[in-house]
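# Sequence and computational prediction follow.
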Amino acid sequence: MATLEIHDLHVSVEAENGPREILRGVDLTVKQGETHAIMGPNGSGKSTLAYSLAGHPKYTVTGGTVTLDGEDVLAMSVDERARAGVFLAMQYPVEVPGVSVSNFLRTSATAVRGEAPKLRTWVKEVKEAMEHLQIDPSFAERNVNEGFSGGEKKRHEILQLELLKPAIAILDETDSGLDVDALRVVSEGVNRVRETGQVGTLLITHYTRILRYIKPDYVHVFAAGRIVESGGAELADKLENEGYAAYVKGGASGE
């Protein structure tokens, strides 16, 4: 069973006046088959956690450990983390001009699986996943995220999730910019992957609306660069009613 363990993680970023600490001692364990929701206000450090786990060079780990099945994630390059089973669905997916969606997906699958998927099987996989996400087949020949709407970008992220089958999926504000219909379709995609029991999910959001579709096993409140409270799904209901004010008074902000 794949297990992501984060212990006393400290992360800083370069600022005008020198390094600024954003994550201030994060402790979290995500096991295969579990869904953890990280909730908190803007600026609390949620996205910093996501990008630090994925290996973004902007962020410097100054303390703590991150392991996946006992292997040191922080010692891995970005591509090694992906091959180990760490997947990040970005809040703001980037455009990749000149690279078609179909080529991007097959190249990614080849890198993660260690060999190119058999073409006939792969075409069927992609077709079924696109149908589930209500993606037009012509989408496959468009350049990655170029001219995509917000909903199309997020569906493409979940398409990758379904096809790459990671051990740990980090979903950074997947609900941002989605209308009600797109949110439902994207959430159904996440749930299909969750139902396999083969992925641990870290769902980062500051709204509770996506949790109406994706039911978390655990909810963690993030404020001032650390987890300040944890509980079950009922904690999300408390946040819906009371907001984050009780957690951020006097706290420093992150990114």
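Happy to help now that I have it.
# Gly159 is in contact with Ala140, isn't it?
Heads up, residue 159 is Leu, not Gly. No - contact criterion CB atoms under 8 Å: Leu159 and Ala140 do not qualify, at 9.7 Å. (Glycine included, C-beta is placed from N, CA and C.)
# joint contacts of these two?
105, 130 (CB atoms under 8 Å, 6 or more residues apart in numbering).
# Between the two, which is the more surrounded one?
Leu159 (22 against 18; other CB atoms under 10 Å).
# Lys46 against Ile204, yeah?
Yes - if you go by CB under 8 Å, Lys46 and Ile204 touch, sitting 4.7 Å apart.
# ok, those two, which is more surrounded?
A side-by-side neighbour count of Lys46 and Ile204, using other CB under 10 Å, places Lys46 first with 26 against 23.
# Could you measure from that one over to Asn103?
32 Å (CB to CB, to the nearest Å).
# repeat for Glu146
Applying CB to CB to Glu146 and Asn103 gives a distance of 13 Å.
# and Gly98, how far is that from Arg142?
11 Å.
# and these two? which has more neighbours close in?
Set Gly98 next to Arg142 and count neighbours by other CB under 10 Å: Arg142 wins out with 16 against 9.
# Not counting residues beside it along the chain, what's closest to Ile86?
Actually, residue 86 is Val rather than Ile. Once flanking residues are discounted, Val86 sits nearest to Ile168: 5.3 Å by CB to CB, 6 or more residues apart in numbering.
# Off-centre distance for stretch 132-141?
22 Å (CA atoms, centre = their mean, to the nearest Å).
# In it, which residues are buried?
132-133, 135, 139-140 (16 or more other CB atoms under 10 Å).
# Stretch 142-155 too?
Result for stretch 142-155 [16+ other CB under 10 Å]: buried residues 142-145, 148, 151-155.
# Can you list the residue ranges for helices in this structure?
46-54, 78-84, 101-113, 119-132, 150-164, 180-194, 234-242, 245-248 (DSSP state H).
# between those, which gets the lowest average pLDDT?
Mean pLDDT across the helices of the chain is lowest at helix 245-248; the value there is a mean of 85.
# What is that one packed up against?
strand 218-223 (3 or more CB pairs under 8 Å, 6 or more residues apart in numbering; DSSP states H and E).
# Given the strand it packs on, what are its sheet partners and their directions?
Applying DSSP bridges, strand 218-223 is found paired with strand 35-39 (parallel), strand 226-231 (antiparallel).
# okay, these, which one's buried deepest?
strand 35-39 (a mean of 24; mean count of other CB atoms under 10 Å).
# and the angle for that one with helix 234-242?
20 degrees (axes from the mean of the first three to the mean of the last three CA atoms, to 10 degrees).
# burial of Thr121, as a residue count?
As a burial measure, Thr121 scores 9 neighbours (other CB under 10 Å).
# Report the backbone C-alpha coordinates of stretch 178-194 in PDB.
Extracted in PDB, the C-alpha atoms of stretch 178-194 (Å, rounded to 0.1, in the frame of the first residue of the first chain):
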ATOM      1  CA  LEU A 178     -15.400  25.600 -13.100                       C
ATOM      2  CA  ASP A 179     -19.200  26.100 -13.600                       C
ATOM      3  CA  VAL A 180     -21.600  23.600 -12.000                       C
ATOM      4  CA  ASP A 181     -21.700  21.200 -15.000                       C
ATOM      5  CA  ALA A 182     -17.900  21.100 -15.400                       C
ATOM      6  CA  LEU A 183     -17.400  20.700 -11.700                       C
ATOM      7  CA  ARG A 184     -19.700  17.600 -11.700                       C
ATOM      8  CA  VAL A 185     -17.900  16.000 -14.700                       C
ATOM      9  CA  VAL A 186     -14.500  16.600 -13.200                       C
ATOM     10  CA  SER A 187     -15.500  15.300  -9.800                       C
ATOM     11  CA  GLU A 188     -17.000  12.200 -11.400                       C
ATOM     12  CA  GLY A 189     -13.600  11.600 -13.000                       C
ATOM     13  CA  VAL A 190     -11.800  12.000  -9.700                       C
ATOM     14  CA  ASN A 191     -14.300   9.600  -8.100                       C
ATOM     15  CA  ARG A 192     -13.700   7.000 -10.800                       C
ATOM     16  CA  VAL A 193     -10.000   7.000  -9.900                       C
ATOM     17  CA  ARG A 194     -10.700   6.900  -6.200                       C
END
